[in-house]
Each structure stands twice: as C-alpha cells, then as structure tokens.
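**Q** Need a 3D model of the following:
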Amino acid sequence: MATGANKPIASFHHALPAADLMAAAPLLLWVAQDGDRLTWGVTPEDRSSLVEVGRAPLASSDAANWLREKLDACSQITGVHWMVWQDFGMVPSGIRRASSDRALLETELGRIVAATRAVEVVGTPYTVVHEAHGEAESALIAVWPSIEFHDAAVTLAESFCRAERPRKDAAILAVVRNDSGPGASSSPGRVDFCAVKAGELQAVVRHQVSGAQDAIYRTVHLAESLGWSHQVRIALSGDVTVVGEHIKGFKTAFDKADLFFGRFIPTKGAVSAVHRQLLLPVIQMIECA
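**A** Numbering: from 1, shown residues only. Down below sits the predicted model:
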C-alpha cells in the first residue's frame, strides 16, 4: 500500500498564494539540476523560509526556457542561484595550486581534464576540478546575466561538514538518485557520497548504481576503504523512503543508518518528509551560499 511515507513522488509544487508571495518579496530562486530533473525553492532575501518548492522532470536543454518562464511568472525574484551536478574529481589544494601542468592533474584525477575550473571546498584541504561552464550554463546566463552558479560536489561537502562538526565520530552521507524516483529501489541511478570524520572531509564520490543493493555495496566498500567498520553512521537522503528497500538494507549492513534532512528551513504548504528528502540539495545550497 502506498502511504505518505513511501508513496513515489515524480514531481510536486507547493507555493504560497500570489498575494502572500508578493508580501514576501523580494525573492531569491534556488535551483538544483541533476540530470533530467529540477528541484527548486523560493525564499525571501533573508532565506528564513521556503515560500515555494517544486520538483519536475526537465531536459537540461530546456533549463533556460524554464528559467525564463519562471522569471516571467514571478517578477518579485531578484536573484537566481543554480546548481548542476557534473562529473568531477577532487585533488588536494596544494597539488592544484602548485600545478600548472595539466598532465599532473590528469594523473591525479585519472581522467582527461579539458577546460577545467577549480572550486575550493571551504574549510578543507581539497579542490573540486571539473569542466568549465558549458552551453547549458551559457544559455542560463543569457536569461539572467547575474545568475550565481554553485558547485554541487562542493556544496554537498561543505554542508555535511557543517552538520558534523559538533560530532567526533565518522559518518557517510549517501544521497540516492533513482532514475524512476522514490520508491523504485530496483531502478538504476546514482549515489553521491560525502564521508566526514570529526567534522573533517575525507571523501566526496559519485557512483552509478544498478539499484538499492548496489548502492549499499558501494557504501560498504567506501567505509572499508577508509578503514571504518559497520559501526560508522550512515545518513541517507534523496530517493529513499522511511519504509523502502534502501533504508531496510542500510540498517542491515550498518549499525546506525537513518534519514538525513539537513538544516531545517520552515516551508509553506503541505510538505512531507519525502518532499524534504528531495529538497536536500536546495536546502544545502541555501545554507552554503
């Protein structure tokens, strides 16, 4: 039976009435783009609450048109923040600063580095390196020239490090993305890992996975490669539900596994725990901006 706790959510949209949105102006738009999905939120300039949230399937080639229509429909928006997941590699910042030699970076990352840009992970000795803005980003800039881009790997790392700084043990954040959305545990997809110990970043990794069991295997492998046991805390987010195969499998493989929602930001409308799981990238972006 599908309940509020495990019902798949392909898309959703909750917003204040137009008059209340007008009263909350000026507004900021926050968009997280992962493959063919957009998740977004709208906040007042003080970022004190989410007055609109949504998620929808959308081809990356249509992102600029979506943004244009969104801005036309909501003239109170005065700032746009956009985050896109890209293939990436992480290198120690010292190597990045010392190297003007692309071959050295290619050796460190294990792949060809073309037109790279680098973003420091604040509070850590790491730099994320990936391709520079491409055609999709250029199209977004044409719609809103002052758009602020955020690096998804950096945001994931900085936000989870902030959450873990008061603690002294080790933890792994696993953000699961199923191609068929929440509840489709056997669906192929991706899992993004952030491993932290005593508030210090240990690794950020993205894997393609064939389903829930593969995601669990990848997590076990990451924990073992870091010298951590099954007692490491696992924080789950993304396309997972409180009674789904992912949470059951992780609780079997690890002593401590639970859902992770990130920083609490008040949200207007009928927003459930499942919605908040899907909103985590937006919440992390707001926190780190």
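
**Q** and residue 60, what does it touch?
**A** For residue 60, the contacting residues are 33, 35, 36, 136, by CB atoms under 8 Å, 6 or more residues apart in numbering. Every C-beta, even on glycine, is put in place using the N, C-alpha and C of the backbone.

**Q** and residue 52, what are its bridge partners?
**A** residue 15, residue 42 (DSSP bridges).

**Q** now it: how far from residue 39?
**A** 12 Å (CB to CB, to the nearest Å).

**Q** ok, those two, which is more surrounded?
**A** Neighbour tally, residue 52 and residue 39, criterion other CB atoms under 10 Å: the higher count belongs to residue 39, 24 against 21.

**Q** Quick check: the gap between that one and residue 73.
**A** In terms of CB to CB, residue 39 sits 18 Å off from residue 73.

**Q** same question, residue 126
**A** 39 Å.

**Q** Same drill for these two, tell me which one is more crowded.
**A** residue 126 (24 against 9).

**Q** Pairing partners for the closest residue to the more buried one other than its chain neighbours in the sheet, please.
**A** Spatial nearest neighbour of residue 126, excluding adjacent residues (CB to CB, 6 or more residues apart in numbering): residue 90 at 5.2 Å. As for beta bridges, residue 90 partners with residue 128 under DSSP bridges.

**Q** Surely residue 90 and residue 127 touch.
**A** Yes. The criterion here is CB atoms under 8 Å, and residue 90 meets it with residue 127 at 7.1 Å.

**Q** Please, where are all the strands along this structure?
**A** 12-15, 27-34, 37-44, 52-57, 77-84, 89-92, 116-120, 126-131, 148-151, 170-178, 189-197, 200-209, 233-238, 256-259 (DSSP state E).

**Q** What helices and strands are in contact with the first one?
**A** Read that as strand 12-15. strand 52-57, helix 273-278 (3 or more CB pairs under 8 Å, 6 or more residues apart in numbering; DSSP states H and E).

**Q** Quick check: which of the ones you listed is buried the most?
**A** The highest mean neighbour count among the helices and strands packed on strand 12-15, using mean count of other CB atoms under 10 Å, belongs to helix 273-278: a mean of 20.

**Q** mind listing which of the contacts of residue 60 are in helices?
**A** residue 136 (DSSP state H).

**Q** Got a ChimeraX select line for the buried ones in the contacts of residue 60?
**A** ChimeraX command restricting the contacts of residue 60 to the buried ones, with burial defined by 16 or more other CB atoms under 10 Å:
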select :33,136
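
**Q** ok so, going back, give the burial count for the residue nearest to residue 126, as a bare number.
**A** For residue 90, using other CB under 10 Å, the count is 22.
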